[in-house]
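Student: I need the structure of the sequence given here:
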Amino acid sequence: MKRAALGIAATALLVAAAGAYAVTAEIGSEVISATASAAPQGLPRGGGPIRVNTTVRVHDRGGSQPPALQTMTFLFDGSGAIDARGVPVCTTAKLADTTTAQARQRCAGALVGRGTGKALVALPGQAPQTLAFPLSLFNGPPAHGMPTLIGHFRETIPAPKTVLIPIEIERVHRGRYAYRVEIQVPSIAEGFGSPTLADATLGRTFVRAGRKVGFVNAHCQGGRLQLQGTLRFTNGDLFPATLTSACHVRG
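Tutor: The predicted model follows:
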């Protein structure tokens, strides 16, 4: 029977330094946490560029391998939007079989986000080991009139392999939320790995017609920017969370 993580045990904590809410849940020995924040907190009245950071952590208190993530679904505040006009586009063909350094060099102009990923890998007959890798987010070709992203990372266990994650952005009308993203989490280490950390920051500032603009822009509405996320695991567990980052109108 599928279990909703927040229905088992959950605590929401205000992280004052980051101006964001962190949500932690426990299912048996599994501990799942998520945070989101946007910077800067002070925004012009008409809006301005921001950087959005999301962090997801999964671990088992007993040290066992946690269930693998299957999908991550996010609903984004309608007070924010992606503006990819004039931003170079990268393709999966350019990124195929590249290391992190090669990918970031080939598509430097399209690099709009960076982060770190980790996974616990339990290969048959071997002790569990941690796989750590840089994450890159590139501006991809538009689809259905909306920008897209391409996630990139490089595995080293059990053998070197480039993993690419196409990410489409869907326009929706769900109250405060105006954008939806569903990320299909790829198999890690040929299915023997379980993600334990996904930390990424999306956002980059460009100059267009002499004016500073952002890949991600927002205006402050009601003193907060809001994100709703749902993590689905391969064993059927669900982790829904609503995350809020404080903001204010500057000047």
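
Student: how close does the residue sitting furthest away from the middle of the chain get to residue 159?
Tutor: If you look at how far each residue of the chain sits from its centre, by Cα atoms, centre = their mean, the farthest one is residue 125, at 32.5 Å. Note on residue 125: its distance to residue 159, by Cβ to Cβ, to the nearest Å, is 16 Å. C-beta here means a position set from N, CA and C on the backbone, and glycine is covered the same way.

Student: just checking, residue 184 touches residue 71?
Tutor: Yes. Applying Cβ atoms under 8 Å as the test, residue 184 and residue 71 come out as touching, 5.9 Å apart.

Student: next helix or strand past the helix or strand where residue 199 lies?
Tutor: Assigned by DSSP states H and E, residue 199 belongs to strand 193-202. With elements assigned by DSSP H and E, the helix or strand that comes after strand 193-202 is strand 205-208.

Student: the next helix or strand after that next one packs against which elements?
Tutor: Sequence-wise, the next helix or strand downstream of strand 205-208 (DSSP H and E) is strand 211-214. Strand 211-214 sits against strand 48-49, strand 205-208, with contacts defined as 3 or more Cβ pairs under 8 Å, 6 or more residues apart in numbering; DSSP states H and E.

Student: just put those in CSV and tack on mean pLDDT and distance to residue 59.
Tutor: Converted to CSV, the helices and strands packed on strand 211-214 look like this (pLDDT from 0 to 100; distance: least, Cβ to Cβ, whole Å):
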stretch, mean pLDDT, distance to residue 59
strand 48-49, 94, 34
strand 205-208, 85, 34
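
Student: format those as JSON lines; extra columns: mean neighbour count and distance to residue 218.
Tutor: Shown next, in JSON lines, are the helices and strands packed on strand 211-214 (neighbours: other Cβ atoms under 10 Å; distance: least, Cβ to Cβ, whole Å):
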{"stretch": "strand 48-49", "mean neighbour count": "19", "distance to residue 218": "8"}
{"stretch": "strand 205-208", "mean neighbour count": "13", "distance to residue 218": "13"}
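
Student: now for the ones you listed, which one comes closest to residue 175?
Tutor: When the helices and strands packed on strand 211-214 are compared by Cβ to Cβ, strand 48-49 sits nearest residue 175, at 23.9 Å.

Student: state the distance from residue 165 to residue 150.
Tutor: Counting by Cβ to Cβ, the gap from residue 165 to residue 150 is 7 Å.

Student: ok, those two, which is more surrounded?
Tutor: residue 150 (23 against 16; other Cβ atoms under 10 Å).

Student: where does the stretch 151-251 of the chain have low pLDDT?
Tutor: Residue ranges of the stretch 151-251 of the chain with pLDDT under 70: 251.

Student: which stretches of it form strands?
Tutor: Per DSSP state E, counting those that start in this stretch, the stretch 151-251 of the chain carries strands over the ranges 161-174, 177-184, 193-202, 205-208, 211-214, 216-218, 224-233, 238-246, 248-249.

Student: which elements pack onto the first one?
Tutor: Using 3+ Cβ pairs under 8 Å, 6+ apart as the contact criterion, the secondary-structure elements in contact with strand 161-174 are helix 92-95, strand 129-143, strand 146-155, strand 177-184.

Student: same check on the shortest one?
Tutor: Contacting strand 248-249 under the criterion 3+ Cβ pairs under 8 Å, 6+ apart are the following elements: strand 42-43.

Student: so what touches the strand it packs on?
Tutor: For strand 42-43, contacts defined as Cβ atoms under 8 Å, 6 or more residues apart in numbering pick out 50, 218, 219, 220, 247, 248, 249, 250.

Student: 6 Å instead?
Tutor: Strand 42-43 is contacted by residues 220, 247, 248, 250 when judged by Cβ atoms under 6 Å, 6 or more residues apart in numbering.
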